[in-house]
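Any chance you could fold what I've pasted below:
(2 chains)
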Amino acid sequence: MSTELKPNKLQLYNSLSRAKELFVPINSPNVGMYVCGPTVYGDAHLGHARPAIAFDLVFRYLKHLGYKVRYVRNITDVGHLENDADQGEDKIAKKARVEQLEPMEIAQFFSDRYLDNMDALNVLRPSIQPRASGHIPEQTEMVQSILDNGFAYESGGSVYFDVVKYNQKHHYGKLSGRNIEDTLENTRQLEGQHEKRDSVDFAIWKKAAPEHIMRWKSPWSDGFPGWHMECSAMSAKYLGTQFDIHGGGMDLRFPHHESEIAQSVAANGHDPVKYWMHNNMVTINGQKMGKSLGNFITLDEFFTGSHALLHQAYSPMTIRFFMLQAHYRSTLDFSNEALIAAQKGFEKLMKAMETLSKIKVSNQNDFDIKAWITASYEAIDDDFNSPILIAQLFEAVRMINLLHDGKAQIDAENLSLLVTSLHAFVFEILGLNSEASQSSQNDITAGLMQLLIELRQNAKTNKDWPTADLIRNRLTEIGIGIKDTKEGAVWEVL
RNA sequence: GGUCUCUUGGCCGAGUGGCUAGGCACCGGUCUGCAAAACCGUCCACUCCGGUUCGAAUCCGGAAGAGACCUCCA
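Okay, here's the model as predicted:
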């Protein structure tokens, strides 16, 4: 990869304009990207893998293009309430109370597990992973700015964002496409909202109830920051008050991201984000997979196959490939059939990558690799259309197999182009890897297997089929598969 | 109820006004002592009803079904 910036043809879909736009960084070649990370009070499920992988692709591709990307993904370890703002309990605090642990123990435990899962999926670690609890001063400062600018009011030790007043000067709802009037009419009246002037107002600082264990000092009360403050405060701290890309799940568009915009405008006087990107949901039986719905399968369960709905274990790369086979803005329905199809397709791709290294150069040439590369870049440039890019990869797989079978020829220049670009697309941009290393293949095992394969080969040479089949069948029984190939027999742990 | 989105072949999943998506499965073939694997090839489509157009799965209108958000959620 060169350090020079490649010609800019990247189009991305901006949720704010509801249209694809040419990507032009605010301060090229620097790019600032913020993505909403997990609330760490439970294991990550398949749904959490979606934005992680989707924005990993964005991160990887922008770097591939030569941009200097600062990617910030937060860890939410405070502030998300179970129910309504006025009476809910902090999710992490609740979990801590139930399990009699320190809240930070809970947060640390699950954020470690989250990162382990992401590593397994070959998701690159963001440049910065700030925690909400580590940025309380930044958040209280921002609350103060909003108060100073007249877009919030204090009530009973809490501070509320004055949505109605804000909406008189700005448009609260421009991201999610709604009018405040509609929201006013349709918001259910909940109990305990007497502190708010209007039901659409939201807390930006919340006074802690006496039994609430997660609390910090502030000018208004001992309490904790509101739901949306952390992203506004931390993105501004690390990326500036105006940055390029903000990502997250579609379910965060309202109220979370809408409120982030309002807070930033109220505090800093201008919009915080140039391009808003939202990934769609993973569904199960056509319904969103979600914690509150209780229909989720954790990533660990996928990796081990330990869930009633799973027919087998699915490797991290199968999960990653499965995700990349769908466009990030489409819903993706989970099923064993789809996952198994993804697994087989992925294996086929990886085998072709191995075969690629055995291709021999010819004087003749049957393939226009430059055209293939152009088409592949067009796919990824079109709002990160990974399914089309993968279709392109399978075109390359076909070429590789034809070459390997001697049914087509390729010259040195084209082969070099193919190898270089294929490696870039598969490993660098899509972030796939071969998972080939089998821990069981130590020297002793390899030696024993070599011996058995030789014995069987001798039997085959003598046309002693019963002995040859006995060796193969007994190995199959203990979980080792034997395949006869042109280059001799190979084995694998089934 | 309000706002918005979607409806593609056996399954998953792209897409454009006319030109092959791709993967998996199936079927046929090559290979093979047999088997498996691998490879090659073929088949199957655009929810329904109108309209615009020389031509629509693709644009417009309507119907039906599904989903998301409106409450913490990736």
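
which residues touch the nearest residue to residue A:166 once chain neighbours are set aside?
In space, and not counting its chain neighbours, residue A:166 is closest to residue A:151: 5.1 Å by Cβ to Cβ, 6 or more residues apart in numbering. Heads up, the C-betas are built off the backbone N, CA and C, glycines and all. Contact analysis of residue A:151 by Cβ atoms under 8 Å, 6 or more residues apart in numbering lists A:161, A:162, A:165, A:166, A:262, A:266.

For residue A:362, see how far away residue A:151 is.
70 Å (Cβ to Cβ, to the nearest Å).

swap in residue A:492?
32 Å.

Between the two, tell me which one has more neighbours.
The residue with more neighbours, out of residue A:492 and residue A:362, is residue A:362; 16 against 11, by other Cβ atoms under 10 Å.

Pretty sure the more buried one sits against residue A:409.
Yes. Using Cβ atoms under 8 Å, residue A:362 is in contact with residue A:409, at 3.7 Å.

secondary structure class for residue A:423?
Recorded secondary structure, residue A:423: helix (DSSP: H, G, I helix; E, B strand; the rest coil).

where does chain A have low pLDDT?
By pLDDT under 70, the weakly predicted segments of chain A are A:1-4, A:7, A:79-89, A:182-194, A:436-442, A:486-487, A:494.

Break down the stretch 151-300 of chain A into its helices, ranges please.
Under the criterion DSSP state H, counting those that start in this stretch, helices of the stretch 151-300 of chain A are mapped to A:163-169, A:180-186, A:229-239, A:258-268, A:299-304.

and residue A:65, which of those is closest to it?
Nearest of the helices of the stretch 151-300 of chain A to residue A:65, taken as Cβ to Cβ: helix A:229-239 at 18.7 Å.

before we move on, back to that, quick one: the residue nearest to residue A:166 from residue A:137, how far?
Residue A:151 is 20 Å from residue A:137, by Cβ to Cβ.

Residue A:351 now?
Here residue A:351 is placed at a distance of 54 Å from residue A:137 (Cβ to Cβ).

neighbour count winner among those two?
Set residue A:351 next to residue A:137 and count neighbours by other Cβ under 10 Å: residue A:351 wins out with 14 against 11.

tell me which element the more buried one falls in.
Element membership for residue A:351 (DSSP states H and E) is helix A:336-356.

helix or strand right after that helix?
Helix A:336-356 is succeeded, C-terminally, by helix A:369-381 (DSSP H and E).

roughly how far is that following helix from the heart of the chain?
A distance of 24 Å separates the centroid of the chain from that of helix A:369-381, by Cα atoms, centre = their mean, to the nearest Å.

Whether that helix contacts RNA strand B - can you check?
No. Contact of helix A:369-381 with RNA strand B is not found when judged by Cβ under 7 Å from any atom of the strand; the minimum separation is 7.8 Å.

burial of residue A:138, as a residue count?
Here the number of neighbours of residue A:138 (other Cβ under 10 Å) works out to 20.

what's the answer for residue A:45, then?
Neighbours around residue A:45, by other Cβ under 10 Å: 23.

Where does the stretch 251-400 of chain A get nearest to RNA strand B, residue-wise?
For the stretch 251-400 of chain A and RNA strand B, the shortest gap (Cβ to the nearest atom of the strand) falls at residue A:345, measuring 2.4 Å.

got the contact list for residue A:6?
With Cβ under 8 Å, 6+ apart, residue A:6 has these contacts: A:65, A:66.

that older thread, need the contacts of residue A:151 in JSON lines with neighbour count, can you?
Listed next are the contacts of residue A:151 as JSON lines, based on neighbours: other Cβ atoms under 10 Å:
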{"residue": "A:161", "neighbour count": "28"}
{"residue": "A:162", "neighbour count": "23"}
{"residue": "A:165", "neighbour count": "18"}
{"residue": "A:166", "neighbour count": "23"}
{"residue": "A:262", "neighbour count": "28"}
{"residue": "A:266", "neighbour count": "25"}
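
between those, which is closest to residue A:371?
Distances from residue A:371 to the contacts of residue A:151, taken by Cβ to Cβ, are shortest for residue A:262, at 47.8 Å.

The closest one against residue A:163, yeah?
Yes. If you go by Cβ under 8 Å, residue A:262 and residue A:163 touch, sitting 7.1 Å apart.

distance of the closest residue in space to residue A:412 that isn't next to it in sequence from residue A:231?
Nearest residue to residue A:412, sequence neighbours excluded (Cβ to Cβ, 6+ apart): residue A:361, at 4.7 Å. Per Cβ to Cβ, residue A:361 is found 53 Å from residue A:231.

ok, now residue A:125?
For residue A:125 relative to residue A:231 (Cβ to Cβ), the value is 19 Å.

Alright, I will stop here.
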